[in-house]
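Chemist: Using only what follows, build the 3D model:
(2 chains)
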Amino acid sequence: MEFRDYYKILGVERSAAAEQIKTAYRRLARKFHPDVSKEPNAEARFKEVQEAYEVLKDPEKRAAYDQLGSEWKSGQQFRPPPDWGSGFEFGGAPPGGARRRGGSGRTGAAMDDGAFEEEGFSDFFSSLFGGGSPFRTAGRRGGRDHHARMDLTLEQAFHGATSTLELKRPELKPDGTVEMRTRTVRVTIPAGMSDGQLIRLAGQGEPGTEGGRAGDLYLEAHILPHALYQLDGRDVTLTLPVAPWEAALGASVTVPTLGGAVDMHIPAGAQSGQKLRLRGRGLPGQPPGDEYVQLKVVLPPASSPQAKSLYEQMRGELGFNPRADFPG
Amino acid sequence: MSEMTHLLSGELIGERDWITVTEICRLCRIDVTAVRELAELGVVDPRGSPAGEWEFPAAALPRLRVVGRLMRDLGVNVSGAALAAELLESQRELERQIRRLERLLGETR
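Modeler: Alright, predicted model coming up:
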């Protein structure tokens, strides 16, 4: 696996005070948060920053990380030292590993402890600080839920799909070292998932320890932009180029929809920008979405003598003034 | 090291479902106090009473999950996260409108 320079990721000195680390994290988290950021690779950058902060904000983890030495550079091949974690005491409240159980008399919601989200973190992090490492709680414990984002094309969302996911899971080997195991999982995506909708895969989250129940894996659909359609909830909008005479005289035209082409009637006297609705042709659901077809009148170029003469004939015979409403 | 497992089919959390307050907390990784505050702010409309037995429309999940992420990752409070989530939604809607208009005007992007 590759070494990660957490100080460099946060842009702070190795000697930085806790407060400086916090400030650096806040600034970068704000810049790269995937819900907010327009930066390219925002999600990957954000995970990196989160991972670095997870280690450097915690005095125990930071001290252990510092012990690896300052000679390492990001990207260098790295193996955890055999005595990793020795010399540290992991009593009391384990960093990131504690589970909050409804002790405050609230609901019994199985909350994890918030900021700590291991999924999406690097192998480097997981092998040093992940499940099975000395930095995680021993004893019987239920696994946490994992949350992951799943990119879908609009077609996949419409038809349903089978998506292949790679899930990483740390595993404790007999000699006490931790190894990352990658599981490839194929998941059936039902037809009609909308943006932000969730699928629950029971028991596919973090494994429990010593017989504890495994957490669930939640996949959040993220529908990618489409060249032709724009998605808004379950509705899609398509811009349909039409000839002036199709708009003026009415026409029957073939229109693409996610489920295949359909014939649509354009009423006479239609204008550019007008929207027509194809009921139920959006994403499937209860109720299904609609497809909106927005007309865009495209003028034929006056590039041939014949086309020119037709335009001249219109000018002469229509008496049409598009600026008739203008004052003066 | 890699292994192949069988085909999994998950449980879709339907948009027309109603979800208990406990489940909302789990799915959005926020606590009950935050959910109550979000209801007070009108970010989400629960049904039923008392508050411990509230149910929420699953259609509100994407927004509540954004609120949860903003609170956790950026350290903003409930009303700040709710405000940001609503502004992000209206920003998305404006961006959609701009793209629609650009397509209508023949600009390509």
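Chemist: where's B:Arg92, which helix or strand?
Modeler: Element membership for B:Arg92 (DSSP states H and E) is helix B:78-105.
Chemist: Please identify the buried residues of stretch A:39-55?
Modeler: Using 16 or more other C-beta atoms under 10 Å in any protein chain shown as the test for burial, stretch A:39-55 gives A:42-43, A:45-55. (C-beta placed from N, C-alpha, C; glycine too.)
Chemist: What about the residues you listed, which are in helices?
Modeler: Residues of the buried residues of stretch A:39-55 located in helices (DSSP state H): A:42-43, A:45-55.
Chemist: if we can go back for a sec, can you tell if the helix holding B:Arg92 touches chain A?
Modeler: Yes. Against chain A, helix B:78-105 shows contacts by C-beta under 8 Å from any C-beta of the partner chain at B:Ala84, B:Ala85, B:Leu88, B:Glu93, B:Arg96, B:Arg99, B:Arg100, B:Arg103, B:Leu104.
Chemist: tally of neighbours for the nearest residue to the first one once chain neighbours are set aside?
Modeler: Going back to what we said before, that points to B:Ala84. Of all residues not flanking B:Ala84 in the chain, B:Leu70 sits nearest, at 5.6 Å (C-beta to C-beta, 6 or more residues apart in numbering or on different chains). Residues within reach of B:Leu70, counting by other C-beta atoms under 10 Å in any protein chain shown, total 24.
Chemist: got a list of what A:Leu198 touches?
Modeler: A:Tyr218, A:Leu219, A:Glu220, A:Ala221, B:Leu12, B:Ile13, B:Leu27, B:Leu61 (C-beta atoms under 8 Å, 6 or more residues apart in numbering or on different chains).
Chemist: The fourth one - how many residues pack around it?
Modeler: Residues contacting A:Ala221 under the criterion other C-beta under 10 Å number 21.
Chemist: I'd say it and A:Gly192 touch.
Modeler: No. A:Ala221 lies out of contact with A:Gly192 (C-beta atoms under 8 Å); the separation is 10.2 Å.
Chemist: what touches both of these two?
Modeler: With C-beta under 8 Å, 6+ apart as the test, A:Ala221 and A:Gly192 both reach A:Ala157.
Chemist: Going along the chain, name the helices of chain B.
Modeler: B:21-28, B:32-40, B:61-74, B:78-105.
Chemist: could you dump those to JSON lines with mean pLDDT?
Modeler: Converted to JSON lines, the helices of chain B look like this (pLDDT from 0 to 100):
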{"stretch": "helix B:21-28", "mean pLDDT": "93"}
{"stretch": "helix B:32-40", "mean pLDDT": "93"}
{"stretch": "helix B:61-74", "mean pLDDT": "94"}
{"stretch": "helix B:78-105", "mean pLDDT": "93"}
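Chemist: mind checking which of those helices is nearest A:Gly196?
Modeler: For A:Gly196, the closest of these is helix B:61-74, at 3.0 Å, according to C-beta to C-beta.
Chemist: Give the other helices and strands that the closest one contacts.
Modeler: Judged by 3 or more C-beta pairs under 8 Å, 6 or more residues apart in numbering or on different chains; DSSP states H and E, helix B:61-74 is in contact with helix A:18-32, helix B:21-28, helix B:32-40, helix B:78-105.
Chemist: Counting neighbours, which bits of the last one end up buried?
Modeler: Applying a neighbour-count criterion of 16+ other C-beta under 10 Å, one finds B:Val78, B:Ala81, B:Ala82, B:Leu83, B:Ala84, B:Ala85, B:Arg99, B:Arg100, B:Arg103 buried in helix B:78-105.
Chemist: Quick check: A:Pro207 vs B:Thr22, distance?
Modeler: According to C-beta to C-beta, to the nearest Å, A:Pro207 and B:Thr22 sit 23 Å apart.
Chemist: before we move on, the earlier item: between the buried residues of helix B:78-105, which is nearest A:Thr184?
Modeler: Of those, the one sitting nearest to A:Thr184 (C-beta to C-beta) turns out to be B:Ala85, at 34.1 Å.
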